Structure formats: C-alpha cells, structure tokens
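[1] Have a look at this prediction, sequence included:
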Amino acid sequence: MTPHFTLEEMTVTQVRGWDNTPSPEVETALLATATQLEFVRTLLNKPITITSGYRSVKVNEVVGGAPNSAHIKGNAVDFICPKFGTPLEICIAIEKSPLMFDQLIQEGTWVHLSFAPASRRNVITKTKTGYVAGLTKETRNA
C-alpha cells in the first residue's frame with residue numbers, strides 16, 4: 001500500500017475465524033489511512049506496529065467495538081511504537097504536530113488514531129473510569 005504499511009498490516013485483528021476482507025471502497029480508505037500513517041512514522045522516526053486496523057462488522061462486534069467505529073470503514077488503526085515511547089508520549093507528539101486526524105485516543109497500552117473525513121482533531125484519554133477529553137495532567141496520571 002505504502003512504503004511502510006501493507007494491506008495485511010492494515011487488516012490485522014486479534015480475532016480469528018471471521019472474514020475480515022475489506023471491500024474495494026474500504027481498501028481505498030485503508031490506503032488513505034496508511035498514507036497518513038507514513039506521516040506519523042516520520043514524526044516518530046521509528047517503526048509502528050499496528051495492533052488493529054480494519055474490522056469487518058462481525059469482527060468489530062466480537063471485539064466489542066463501537067457500532068459506528070471508524071475501524072469498520074478503514075479510517076482507523078490502533079498501534080504502538082515502543083522504540084519511540086509510551087502511548088501517552090506518542091499521543092503528545094501527534095497532538096503537537098500539524099497532522100489532521102479525526103480522533104486520537106490514548107487507550108492506556110496503545111494509541112487509537114482515526115482519519116475520518118470530519119478531521120475534528122478530537123483528543124481523548126482513557127482513564128480508570130471512562131474517557132475524558134484531552135491529554136491533561138490530571139488524565140495523564142490516571
């Protein structure tokens with residue numbers, strides 16, 4: 001798809017046994033997402049490991065994803081970049097960059113990044129009690 005991301009990486013999921021083949025429309029979205037991830041890789045200057053990319057509707061249900069998840073449309077990935085730093089450090093770097101994204105979520109042990117057309121630059125942190133807006137000092141220590 002791009003110099004550093006393959007279709008296989010963009011469709012990786014923890015769930016086995018369910019068809020997770022993207023439609024041609026979703027493949028187009030995955031190409032756009034992979035293209036944006038090239039910027040993230042350049043920003044972090046380290047390899048990125050995608051832990052969850054595209055999810056078919058059934059796979060999304062099995063993993064407990066939101067019914068309107070950007071993963072279903074090929075607009076989102078969950079990833080880590082341990083050679084750069086923690087998911088929080090990754091989120092801080094992305095938030096400070098000019099990258100246009102829809103949602104950036106510090107999920108604790110991974111980063112969720114979506115490139116849905118809205119491009120809201122919505123930054124969220126998962127805490128022990130739920131999700132809160134931003135990457136504030138208070139939420140960073142949760």
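    Noted; the coordinates are in hand. Numbers count the residues shown, from 1 in each chain.
[2] Quick one: mean pLDDT over stretch 111-129.
    The average pLDDT within stretch 111-129 is 91.
[3] er, stretch 2-12 actually
    95.
[4] Stretch 25-36 too?
    On average, stretch 25-36 scores 97.
[5] quick one: it to chain centroid distance?
    12 Å (CA atoms, centre = their mean, to the nearest Å).
[6] can you dump the C-alpha coordinates of that stretch into CSV?
    Extracted C-alpha coordinates of stretch 25-36, given in CSV (Å, rounded to 0.1, in the frame of the first residue of the first chain):
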residue,chain,number,x,y,z
GLU,A,25,-14.2,1.1,-1.0
VAL,A,26,-12.7,0.2,2.3
GLU,A,27,-9.3,-0.7,0.6
THR,A,28,-9.4,2.9,-0.8
ALA,A,29,-9.9,4.2,2.8
LEU,A,30,-7.1,2.0,4.1
LEU,A,31,-4.8,3.4,1.5
ALA,A,32,-5.6,6.9,2.7
THR,A,33,-5.1,5.8,6.3
ALA,A,34,-1.8,4.1,5.5
THR,A,35,-0.7,7.3,3.7
GLN,A,36,-1.4,9.3,6.9
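[7] Buried by neighbour count: which residues of that stretch qualify?
    Neighbour-count burial for stretch 25-36 flags 26-27, 29-31, 33-34, 36 (criterion: 16 or more other CB atoms under 10 Å). C-betas here are computed from N, CA, C, even on glycine.
[8] Can you spell out which helices and strands pack onto the helix or strand harbouring residue 113?
    Using DSSP states H and E, residue 113 maps to strand 111-114. If you count contacts as 3 or more CB pairs under 8 Å, 6 or more residues apart in numbering; DSSP states H and E, strand 111-114 packs onto strand 76-80, helix 87-96, strand 103-106.
[9] Out of these, flag the one nearest residue 17.
    Shortest distance between residue 17 and these, using CB to CB, is found for strand 76-80: 19.9 Å.
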